[in-house]
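Q: fold the following for me, if possible:
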Amino acid sequence: MVFLYPFYNYKVSNWEAVLSLLYHSLYAEEMVCAMSSELFHIPETKDLKGNNEMHSHLVPASYHRITAVGSSQRLTNGEQRQSIIDTLIACIINAETQDKKVREGLDTMAENAPTEYKSFMETIIIWQEQAEAYLNETKEALQSMGISVPSESEQYSS
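A: Below you'll find the model as predicted:
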């Protein structure tokens with residue numbers, strides 16, 4: 001007797017895993033936002049060099065993470081339009097692009113922070129590294145689902 005195993009040509013959809021990774025990235029981003037914004041309210045760091053510039057990239061990075069989470073949530077809930085996936089991917093790429101400038105700003109801040117705030121700055125940088133790492137894992141999860149994710153050098157709008 002011969003058993004024939006049918007070949008199923010489909011993309012594996014694991015939107016819950018994508019959503020979880022994006023939530024982790026967003027949580028880390030929340031810590032970066034909360035901690036770096038606090039520096040504006042501390043007399044010794046209120047004018048810390050690099051903080052304003054860093055925030056000019058942190059705000060759009062946060063927006064793109066939030067939009068990616070929302071898109072992923074919609075996909076997890078069963079919506080299936082390609083335009084949602086395209087929005088998700090564009091936001092991941094755009095967040096990555098903004099993250100590079102956030103990192104530059106954090107490095108400037110760390111260099112210029114008063115000695116007693118150096119470890120605080122290191123903690124913010126660790127949170128930023130986590131935000132970036134989870135975003136990268138999200139891209140890998142999408143690719144494992146058969147979804148093409150272009151390099152961050154390609155520009156997107158969302």
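Q: only C-alpha atoms for contact and neighbour calcs from this point on.
A: Will do.
Q: OK, contacts around the spatially most central residue of the chain?
A: The residue lying closest to the centre of the chain (CA atoms, centre = their mean) is residue 135, at 4.4 Å. Counting by CA atoms under 8 Å, 6 or more residues apart in numbering, residue 135 touches 21-22, 25, 92, 96.
Q: element containing it, please.
A: Using DSSP states H and E, residue 135 maps to helix 118-144.
Q: now that helix, how far from the centre of its chain.
A: Put simply, helix 118-144 sits 7 Å off its chain's centre (CA atoms, centre = their mean, to the nearest Å).
Q: list just the nearest of the contacts of residue 135 to residue 126.
A: Nearest to residue 126 among these, counting by CA to CA, is residue 25 at 12.2 Å.
Q: so what's the residue count around the closest one?
A: When counting by other CA atoms under 10 Å, one arrives at 27 neighbours for residue 25.
Q: can you tell me, leaving aside adjacent residues, what's nearest to it?
A: residue 131 (4.2 Å; CA to CA, 6 or more residues apart in numbering).
Q: pull out the buried positions in the host helix or strand of residue 52.
A: Assigned by DSSP H and E, residue 52 falls within helix 51-76. Of the residues in helix 51-76, 51-55, 57-58, 60-62, 64-76 count as buried by neighbour count, 16 or more other CA atoms under 10 Å.
Q: same check on stretch 87-104?
A: When neighbours are counted by 16+ other CA under 10 Å, the buried residues of stretch 87-104 are found to be 87-103.
Q: got the angle for the helix or strand hosting residue 108 vs helix 51-76?
A: Secondary structure from DSSP H and E places residue 108 in helix 82-112. Orientation check (axes from the mean of the first three to the mean of the last three CA atoms, to 10 degrees): helix 82-112 against helix 51-76 gives 150 degrees.
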